[in-house]
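**Q** Sequence and predicted structure, then a few things I'm wondering about:
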Amino acid sequence: MFKRIFINNLIRAREVRLIDKDGKQLGVLRLEDALRKAREAGLDLIQVTQKISPPVCKIGDYGKYAYQVKKKERKQKQQKSGELKSIRLRFNISPHDMETRVKAAEKFFKKGYKIKIEMVLRGREKRLSDFARQKMNQFLEILQKSTTIKIEREIKREARGLTMMVSQSQNHEDKKIT
């Protein structure tokens, strides 16, 4: 989650590579000299990275830096979780509900998501997987009327039913539904 940021007297290195508040590199300095320059500017000495020797430190406002780091981490977290959306179809889905799911898929495509289409099969429905495949293909045909799609993963049999992944296609020569 949020990594610890070392500032001022918490920095343990003897020498640091210093960057001033404007982003200009001041070179490698002793820690005491770097702390003195930060105090003179009325700002904090922030350790940006510790993976290299000597560690890189920056003169700046700690609160502002910590806010930017948290904001960046939140944005990365959202991107990781927001790549795939799921649409569930039922075995006896009505044509109107199918249209509603197609509209939802179109909205997801506009936002740049890939879509996982799931059809959960229960009890006796598991024996009629051919009918379920036809329903999924019918959904794809309706979807293809409004937008070009690319099949990321073909229809796959899983423990609870059938799944497949599709995305919006940029070029028009991608796989057509058969």
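**A** Looks like it arrived, so ask away. Since the model is a prediction, treat every value here as computed from it, not as a measurement. Residues are numbered from 1 along each chain as shown.
**Q** Show me what the helix or strand of the chain with the lowest mean pLDDT is packed up against.
**A** Lowest mean confidence among the helices and strands of the chain (mean pLDDT, DSSP states H and E): helix 62-81, at a mean of 79. When contacts are defined as 3 or more Cβ pairs under 8 Å, 6 or more residues apart in numbering; DSSP states H and E, helix 62-81 packs onto strand 44-49. Yep, even glycine has a C-beta here, placed from its N, CA and C like the rest.
**Q** mind listing what's buried in the strand it packs on?
**A** Neighbour-count burial for strand 44-49 flags D44, L45, I46, Q47, V48 (criterion: 16 or more other Cβ atoms under 10 Å).
**Q** pretty sure K51 belongs to a helix, no?
**A** No - under DSSP: H, G, I helix; E, B strand; the rest coil, K51 falls outside any helix and is assigned coil.
**Q** Specify which member of the buried residues of strand 44-49 is nearest to K24.
**A** Closest approach to K24 among the buried residues of strand 44-49 (Cβ to Cβ): V48, at 14.3 Å.
**Q** what's that closest one in contact with, if anything?
**A** Counting by Cβ atoms under 8 Å, 6 or more residues apart in numbering, V48 touches I19, P55, V56, C57, K58.
**Q** Do you know the pLDDT at it?
**A** pLDDT, V48: 87.
**Q** so how far is R122 from it?
**A** Going from V48 to R122 by Cβ to Cβ, to the nearest Å gives 54 Å.
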